[in-house]
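>>> Return a 3D structure for these sequence lines:
(chains A and B)
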Amino acid sequence: MIFLFRKLGWLLRRRGREAELEEELRSHLDEETEEGQAAGLSREEAARRAHLELGNVTLLKEDTRATWSWRLWDELVRDVRSAAGLLSRDIRVSIVILCTLALGISANTAVFSTVHGVLLKPLPMPNADRLVLINETRLPEFPEFPTASGNFLAWQQQSASFENMAALVNQRLTLLEEGKPESLEGALVTASFFPTVGIKLVLGRVFSPDEDHPGKSDVVVVSARLWARRFRSDPNIIGRVVNIDSRLRSVIGVAAIDLEDTDLWVPMAFDVAAQDNHGGHDLITFGLLKRGTSIEAAATDLKGIARQLEASHPDTNQGWSVLLTPMRELVVGDVRPMLLLLWGVVSLVLLIMCANIANLLLIRSISRRRDVAIRLAIGATRLQIMRQLLAESVSLALVGGGAGILLAYGEIRLLNTFGGDVLPSTVHLQLIDWVFTAVISVVTGILFGLIPAIESTKPDLTESLKDGSRSASIGLRRRRLRSALVVAEVSLSLVLLIGAGLMVRSFLKLSFVNPGFNAENVLLAELTLPEKYPQPDDARRFIDRTLEEISTLPGVTAAAVSHVPPFRGGDVRGVLFEGQPAPAHDEFLTVSHAAVSPEYFDAMEIPLKRGRVFTKQDRAGSTRVTIVSETFAARFFPGEEAIGKRISPTVGTESFREIVGIVGDTKRYGLAAETMEQVYEPIDQIPFPYMTFVVKTSTNPMLLAQGIESRIQSVDRDQPVVALRPLHQMVEESKTPSRITMLCLAVFAGVALLIAATGLYGVIAYSVSQRAREIGLRMALGADRTHLLQLVLREGVFLTAVGLVVGVSGAYGLTRLLQAWLFQTSATDPATYVGISAILAVVSLLACYVPARRALGVDPVVALRSE
Amino acid sequence: MDTKTPSRVEFLQGTLDLLILRTLLAGPTHGHAVAKHIRRTSEEVLHVETGSLYPALHRLEAKGWIAASWELSDKGKRARYYRLTPLGRKKLIKEQTKWEAFARAMGSLLNPPDPAGQ
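Below is the predicted model:
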């Protein structure tokens, strides 16, 4: 090791050494001369003898220099220098190559950085690798369902696989502090939550098991973020009493966790009823695996307990099992497939790029043919020359990579800006990404340099040495090689283009889905009534007054309320039909349920198909009524009139409501999701404490946001509004993942097409220049121009055709992988295949046509004289 | 003992290296003085060609057995002085031992003891 350093140090001071050696030898000569003089010789004689004695100075210097150098390093440096020289000679081609490299490598680096930053980053909780999410599952309707408290407690008592288990319910809680109400993300958690998840405590303590009981649970843990923001990091916060949802709680601790936005934790405090509850599923449950226990073993364990519960509680637990998912899967599971797709795409682009550059280098290497042949003739080994050529291409690639990583910074910025909703965390370029760039640059350099290097050093010496040689065999071999490369480029590009085309088509289909309502100019305001409103009448009064207040606001066309948000939200219930026997527990038909005010259908512009909508007469106390969606009517009352029939959307207390109207379907769960059968009830007959106000406005809804919020607060000063959003924005945002994937794929495919087109252009241009003489001759002999054009284009057409065929077959096989992303589009959609192939064909032919046309424009005399 | 048989060049190089190291044991000197010393001490038998001396000095420097610096000679002129490093000293002892073993072996071969044991 020290040897290396010393050698390096030596190498660095080489120039100084030359001068030193000079001086040393001169001083030697002086000494020798003086001695000679001292021995009685004349100055000239002494000097002459001294020189003689020194011997061959050149040889001496050579030998000395040899002791300074390190052969391998020297040769490498020389190779790199010669590479730089070549680059600057052929500056235009080099710039093209460098730009292509920068693009391709930067894309790869950006994607790698994202993949590595998102998929491999350790989760912010210390126990993350042992943490699993436990869902209850009953196939096929409920693949991932929340847990019922009774089941959770049974698992906790009986399972031996977990160090700890915890349950959580997310709930918005209102903090009333210094007269300002604020609605915050809160969670009800069991006392075991903190040790299970492993949250860091900043101050105080977490819940003791005693506090996790009803009556003793007036405590709260706040987040570090909230502590800083609302309590100014007051060190005396422990013991302070705060008003949360109209209940006074004492702050016992401050905790820090990065993952969620939860600001308040209060004890779950299961009561006696909760222990027996095996049918009401509302808990999110986790477990911390014991060290050394695999997730499969734990799953088997819990499944065993679930089976016992099935036997002991057949009416609630029949058919219910468990599903364990590791924590990491939750955080990245959604985004992993998309990232892997992107990686595949950029790798393909890199391959296309390498093929293109290899082609360019093959062309360039022809001019150095003679050079290489001479070197081979005088004894250089093939390996040495190949090494030099590879050093050149790797240097080129490294320079391109350097530019690429700078470009990658910009690309990562773009990714963070536009992909912020989809990615679980922001991405930054780290050291390992730099290393990756260096490695991939070297690999790329070798990839595209290898074929030209091998080809250039094939031993056909005599041919190459001949002047003006147009050797048939070399030319043919090279041409075949380059044709093969171009065909590869074209077909790979086609694969990418078809993929992009499919994604575009899918996205367009998604954009044109009719959601069933009009999202324009609709503002949503979500809120939850605290325990201050214990009776249903209190909620009713609040709703009535608030709707009144909002309606008086200028610019409001209609004001309504729904207990669940109209989009991306829903309440799923079983349904019973009057006159039909109640089905067994595992055969319950589930529908989507919403309690709405009469103006709801108006505000959302959901069309009424038959019957009527709710009116003010449909109040508490009057006949219970319900409205269903078209799909509901068609599915459950095929061929008959649904209006007049009676159904019950509650399980347990069967009170039947009469269907009075049928409205259009809405895509409540997302544009791509299946339309679920929908049941509506008047919110006055079944008021809930959580609601979303739906306000139709005449202009931009956000302009009225503040006004609406203040109206709500004029009804109740302490009532915070959770979220004020335009419905239109929510619907648009739901398309974001598809949009991003589509855009990425389209951009890369476009780049690939460009590269392939330039590749094709290059091949034809070169081929034309090679045949310049022939063309000139033909023109001089009076050949028809169109005929000549055809002759020249024949090669290009042939290459394009082969590329198309290979590309289509490849695409046919590969696009199946995309099916998961495609909405209403088949992975082998013929229209897309044909359309994209046509586009590629046109572009390719254009790329061939331009050089061909130019060649024909040349004066035949000039062409004949060319060599 | 070295298992590798040194080539002729290496062998000669090795010899020269040994001579240089031994010369420097007495104290730091410059190149010219080293050559003179070897010549004189070997009673004019061994002439070190300047053409081999300087490359050898630089090679030893590269290996770290000797170190060099520019000093003022006793005549007031600037000269490159070489001195032995601790590593070089160790090497010297090793090589000298090997050389003495070699010399003894040569000696017994050339002057075999009288079988009669006189």
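
>>> use CA for all of it now, contacts and neighbours both
Fine.

>>> how about residue A:642, what does it touch?
A:633, A:659 (CA atoms under 8 Å, 6 or more residues apart in numbering or on different chains).

>>> Could you rerun that using 6 Å?
residue A:633 (CA atoms under 6 Å, 6 or more residues apart in numbering or on different chains).

>>> Over to it. Which of the three states is it?
Per DSSP: H, G, I helix; E, B strand; the rest coil, the local secondary structure of residue A:642 is coil.

>>> How much space separates it from residue A:613?
14 Å (CA to CA, to the nearest Å).

>>> again, but for residue A:564
The spacing between residue A:564 and residue A:613, counted by CA to CA, is 18 Å.

>>> what's the answer for residue A:762, then?
69 Å.

>>> Now tell me which helix or strand of chain A has the poorest mean pLDDT.
None of the helices or strands of chain A scores lower by mean pLDDT, DSSP states H and E than helix A:461-465, at a mean of 55.

>>> got the buried residues for the very next helix or strand once past it?
Next helix or strand after helix A:461-465 toward the C-terminus (DSSP states H and E): helix A:472-511. Within helix A:472-511, the residues scored as buried using 16 or more other CA atoms under 10 Å in any protein chain shown are A:474, A:478-479, A:481-507, A:510-511.

>>> Make sure residue A:251 is indeed in a strand.
Yes - the assignment for residue A:251 (three-state DSSP) places it in a strand.

>>> Quick one: name the residues of chain B near chain A.
Contacts of chain B with chain A, taken as CA under 6 Å from any CA of the partner chain, map to B:32, B:50-51, B:55, B:59.

>>> so which one among these has the lowest pLDDT?
The member of these with the lowest pLDDT is residue B:50, at 75.

>>> From the residues of chain B next to chain A, pick the one nearest residue A:595.
For the residues of chain B next to chain A, the residue nearest residue A:595 by CA to CA is residue B:59; the value is 93.5 Å.

>>> is it true that the closest one touches residue A:65?
No - look at residue B:59 against residue A:65 with CA atoms under 6 Å: they stay out of range, at 9.5 Å.

>>> out of these two, which sits in the busier spot?
Comparing residue B:59 with residue A:65 by other CA atoms under 10 Å in any protein chain shown, the one with more neighbours is residue B:59, at 20 against 17.

>>> Figure out the helix or strand that the more buried one lives in.
helix B:50-63.

>>> by contact count, what packs against that helix?
helix A:57-68 (3 or more CA pairs under 6 Å, 6 or more residues apart in numbering or on different chains; DSSP states H and E).

>>> Buried residues in the helix it packs on, which are they?
A:60-61, A:63-65, A:67-68.

>>> try stretch A:819-838
A:819, A:821-823, A:825, A:827-828, A:832-833, A:836-837.

>>> what do you get for stretch A:809-817?
Under the neighbour-count criterion of 16+ other CA under 10 Å, stretch A:809-817 has A:811-812, A:814-815 buried.

>>> okay, and the helix or strand of chain B with the least pLDDT?
Result, chain B / mean pLDDT, DSSP H and E: helix B:8-25, a mean of 76.

>>> How far away from the center of its chain is the helix or strand hosting residue B:95?
In this assignment (DSSP H and E), residue B:95 forms part of helix B:86-110. How far helix B:86-110 lies from its chain's middle: 11 Å, per CA atoms, centre = their mean, to the nearest Å.

>>> residues of it that come out buried?
Neighbour counts over helix B:86-110 (16+ other CA under 10 Å) mark B:88-89, B:92, B:95-96 as buried.

>>> centroid residue for chain A?
Residue closest to the mean C-alpha point of chain A, counted by CA atoms, centre = their mean, is residue A:339 at 4.4 Å.

>>> likewise chain B?
residue B:19 (1.6 Å).

>>> Not counting sequence-adjacent ones, nearest residue to that one?
Leaving aside its chain neighbours, residue B:19 sits nearest to residue B:38 (7.3 Å; criterion: CA to CA, 6 or more residues apart in numbering or on different chains).

>>> May I have the secondary structure class of whichever residue of the stretch 351-500 of chain A sits closest to chain B?
Minimum separation of the stretch 351-500 of chain A from chain B (CA to the nearest CA) falls at residue A:379, amounting to 24.9 Å. Put simply, residue A:379 is coil when judged by three-state DSSP.

>>> where along the stretch 551-700 of chain A do the strands fall?
Along the stretch 551-700 of chain A, counting by DSSP state E, counting those that start in this stretch, strands occupy A:556-562, A:571-574, A:576-577, A:590-596, A:608-611, A:625-629, A:646-648, A:657-663, A:678-682, A:690-697.

>>> For chain A, give me its nearest residue in chain B.
residue B:55 (4.3 Å).

>>> What's the local residue count around that residue?
Residue B:55: 21 neighbours (other CA under 10 Å).

>>> who touches it in this structure?
Neighbours of residue B:55 in contact, by CA under 6 Å, 6+ apart: A:63-64.

>>> on that earlier part again, put together a markdown table for the buried residues of helix A:57-68, with distance to chain B on each row.
Shown next, in a markdown table, are those (distance: CA to the nearest CA, whole Å):
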| residue | distance to chain B |
| --- | --- |
| A:60 | 5 |
| A:61 | 8 |
| A:63 | 6 |
| A:64 | 4 |
| A:65 | 8 |
| A:67 | 5 |
| A:68 | 7 |
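
>>> ok, then the element right after the strand ranked longest in chain A?
Ordering each strand of chain A by length in residues (DSSP state E) puts strand A:162-177 first. As assigned by DSSP H and E, the chain's next helix or strand after strand A:162-177 is strand A:180-189.

>>> to the chain's geometric centre, what's the distance from stretch A:639-656?
What separates the centre of stretch A:639-656 from the centre of its chain is 45 Å, taken as CA atoms, centre = their mean.

>>> Cheers, nothing more for now.
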